[in-house]
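Enquirer: build me a model:
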Amino acid sequence: MEESTQPKAGFKTTEFWFSTVAAVLGILFASGAVAEGSSIDKMMGLVTTVLAGLGYTVSRGMAKKSS
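Expert: Model prediction:
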């Protein structure tokens, strides 16, 4: 029996769920919905959101490239 080398669907991976949680938390912090903070705290929330999205994109690209 031949083994499939196709990557899993994106929403079935742990990378997707971890990056989604990180992005949602980052948005909540950036908007000030979770905690009142300084502009540095809000900027860190925004950076977290961007890095989570970028990390997921790179991860999926590497998974698709290797198959």
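Enquirer: scan the chain for its longest helix.
Expert: helix 39-66 (DSSP state H).
Enquirer: which elements pack onto that one?
Expert: Packed against helix 39-66, as judged by 3 or more CB pairs under 8 Å, 6 or more residues apart in numbering; DSSP states H and E, are the following elements: helix 14-31. (C-beta placed from N, C-alpha, C; glycine too.)
Enquirer: mind checking the pLDDT average for the helix it packs on?
Expert: The average pLDDT within helix 14-31 is 87.
Enquirer: counting by contacts, list what that helix packs against.
Expert: Where contact means 3+ CB pairs under 8 Å, 6+ apart, helix 14-31 is packed against helix 39-66.
Enquirer: so how far is the helix it packs on off the chain centroid?
Expert: Averaged C-alpha coordinates place helix 39-66 at 5 Å from its chain's average position (CA atoms, centre = their mean, to the nearest Å).
Enquirer: okay, the angle between that helix and helix 14-31?
Expert: Orientation check (axes from the mean of the first three to the mean of the last three CA atoms, to 10 degrees): helix 39-66 against helix 14-31 gives 160 degrees.
Enquirer: list the buried residues in helix 39-66.
Expert: When burial is assessed from 16 or more other CB atoms under 10 Å, helix 39-66 yields the following buried residues: 42, 45, 48-49, 52, 56, 59-60.
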